[in-house]
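Engineer: this is the structure alone, sequence omitted:
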């Protein structure tokens, strides 16, 4: 195993195969370059292709407990991480007391690619929001795959482009939108990213008020006050860290989105 593999000192096993991931019977068919929707999005497409192509003995999985860092800000990027199961937040130090959550990731997403491609250190940290399994693809293997698969390169370009668009939009949102609107948008984003539980009301991720505020881009006490207003208006209810969405159409209306 190579020295740059962060899994050297952990208990590892060969990464899951296509059948283990339940990706379907037509897994080995070659989709069109633009057919990302079949895999959920660009990240899902890259996840599928990378795991299909990477058969190196160095391919391993590691389990991370809730709150454990997958990679940390300032660490040099030596590989790509594929989330096999679980939920992850990408957070960046703001130089103040609170970090900012810049991205949320889920099963079949890839993370850590920007710093890897740019040959830089990570500019944010990836932290498990729950017990999470992550596959590691070493840097050399990753670039070998890119050299042989232009469709993955195109997917990466689209993914990076969307990341840039998302970052630009967030800057504009913080400057121009009220906390009320931004919180409504974040609640809908959480629903879109992680879905709802079996009751079709509860967002399927548990975040602290500090984490929720770090996504919205405000102080926790401001988010707490706005959640109380939403509860009073009948839009949601809370129990500990669980959030129940009672009026999604109204949240969509507040966020000026189309459901």
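Structural biologist: Looks like it came in fine. All figures in this text were calculated on a predicted structure; none of them were measured in a lab. Numbering: from 1, shown residues only.

Engineer: which residues of the chain fall in strands?
Structural biologist: For the chain, applying DSSP state E gives strands covering 60-64, 69-71, 79-85, 87-92, 100-106, 110-111, 125-128, 132-138, 236-239, 242-245.

Engineer: counting contacts, what elements does the shortest one pack onto?
Structural biologist: What it means is strand 110-111. Here strand 110-111 touches helix 42-53, strand 79-85, going by 3 or more C-beta pairs under 8 Å, 6 or more residues apart in numbering; DSSP states H and E. C-beta: built from backbone N, CA, C; applies to glycine.

Engineer: list the buried residues for the helix ranked longest in the chain?
Structural biologist: Ranked by number of residues, the top helix in the chain under DSSP state H is helix 150-176. For helix 150-176, burial by neighbour count (16 or more other C-beta atoms under 10 Å) applies to 151-156, 158-159, 163, 170, 173.

Engineer: what of stretch 127-141?
Structural biologist: Quick answer for stretch 127-141 (16+ other C-beta under 10 Å): 127-129, 132-139, 141.

Engineer: same deal with stretch 49-65?
Structural biologist: Quick answer for stretch 49-65 (16+ other C-beta under 10 Å): 49-54, 58-64.

Engineer: repeat for stretch 71-81
Structural biologist: 71, 73, 77-81.

Engineer: could you break this protein into its assigned domains?
Structural biologist: 18-173, 178-255 (automatic domain parsing).

Engineer: any idea which helix or strand in this protein has the lowest mean pLDDT?
Structural biologist: helix 18-21 (a mean of 41; mean pLDDT, DSSP states H and E).

Engineer: before we move on, back to that, turn the buried residues of stretch 127-141 into a markdown table, columns for distance to residue 208.
Structural biologist: A markdown table is the format used below for the buried residues of stretch 127-141 (distance: C-beta to C-beta, whole Å):
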| residue | distance to residue 208 |
| --- | --- |
| 127 | 12 |
| 128 | 14 |
| 129 | 10 |
| 132 | 17 |
| 133 | 23 |
| 134 | 22 |
| 135 | 27 |
| 136 | 28 |
| 137 | 31 |
| 138 | 34 |
| 139 | 33 |
| 141 | 36 |
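
Engineer: is it possible to get a markdown table of these that adds pLDDT and distance to residue 147?
Structural biologist: Output for the buried residues of stretch 127-141, formatted as a markdown table (pLDDT from 0 to 100; distance: C-beta to C-beta, whole Å):
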| residue | pLDDT | distance to residue 147 |
| --- | --- | --- |
| 127 | 97 | 32 |
| 128 | 97 | 31 |
| 129 | 97 | 34 |
| 132 | 96 | 30 |
| 133 | 93 | 28 |
| 134 | 92 | 24 |
| 135 | 89 | 20 |
| 136 | 89 | 19 |
| 137 | 89 | 14 |
| 138 | 90 | 14 |
| 139 | 93 | 13 |
| 141 | 89 | 11 |
